[in-house]
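# Sequence plus predicted model, see below.
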Amino acid sequence: QQKVQQSPESLTVSEGAMASLNCTFSDGTSDNFRWYRQHSGKGLEVLVSIFSDGEKEEGRFTAHLNRASLHVSLHIREPQPSDSAVYLCAMSMDNNNAPRFGAGTKLTVKP
Amino acid sequence: EAAVTQSPRSKVAVTGGKVTLSCHQTNNHDYMYWYRQDTGHGLRLIHYSYVADSTEKGDIPDGYKASRPSQENFSLILELASLSQTAVYFCASSDRGRNQDTQYFGPGTRLLVL
């Protein structure tokens, strides 16, 4: 079973500064990676999906995948206080395995 | 847009009682999932289903049953609710296929077992 570790557990940044979140996984067979955002008391909102090594940008959100390093990251450009939320990474194998989630990173963006 | 609804949105149950959480999707998706969320653990997979009338165990199935009577509906059943099952429960659906395998989540059900 795929293990997913997120770091840091919590992160505080100032408005406008880049925020970087990390996710590592236990083996390189996953080929389906996503980052979600969850505001307090709310459901999950998908931010970026990435399926191959390299970079994928969706607005202010950029994901970087490096399977050799078992690592996927999320970078948030010009974060705003409204981006304060828990960020979750999830990964799964094509078709045959339900997505597994990390424990999340709580991001706080200070004005 | 894809839609996943859950009912009830919140529930208070007594220890030892039976609880049924319901999920309905109008996405015409084959895959449905149940997760629970606890502080510090993210989302953990309880049960999932690839097709109607069939369910699969996830990572933490003990104390839970699942039922998929139709493509649209997926229920999670706690036969004997326990204090440790207090959590927020999320249902999700997804289509087949790698590039289309985005999961769409319901709003969650907050369950409190007393």
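Arrived safely. Numbering: from 1, shown residues only, chains lettered A, B, ... in the order given.

# Averaged over its residues, which helix or strand of chain A has the lowest pLDDT?
The helix or strand of chain A with the poorest confidence is strand A:100-101; it has a mean of 89 (mean pLDDT, DSSP states H and E).

# centre of the chain versus that one, how much separation?
The chain centre lies 11 Å from the centre of strand A:100-101; the measure is CA atoms, centre = their mean, to the nearest Å.

# and the following helix or strand past it, which residues are buried?
Going down the chain from strand A:100-101, the next helix or strand is strand A:105-110, by DSSP states H and E. Neighbour counts using 16 or more other CB atoms under 10 Å in any protein chain shown place A:105, A:107, A:109 of strand A:105-110 among the buried residues. The way it works is simple: take the backbone N, C-alpha and C, and place the C-beta from them, glycine included.

# from those residues, which single one is nearest chain B?
Nearest to chain B out of the buried residues of strand A:105-110 is residue A:105 (CB to the nearest CB; 9.9 Å).

# could you point out which element follows the helix or strand of chain B with the lowest mean pLDDT?
One helix or strand of chain B scores below all others by mean pLDDT, DSSP H and E: strand B:104-105, with a mean of 88. On the C-terminal side of strand B:104-105, the closest following helix or strand by DSSP H and E is strand B:109-113.

# Ignoring the adjacent residues along the chain, who's closest to residue A:8?
In this structure, residue A:8 finds its nearest non-sequential neighbour in residue A:105, 6.1 Å apart by CB to CB, 6 or more residues apart in numbering or on different chains.

# dump the residue contacts of that neighbour.
By CB atoms under 8 Å, 6 or more residues apart in numbering or on different chains, the residues touching residue A:105 are A:6, A:7, A:8, A:9, A:10, A:11, A:21, A:86, A:87.
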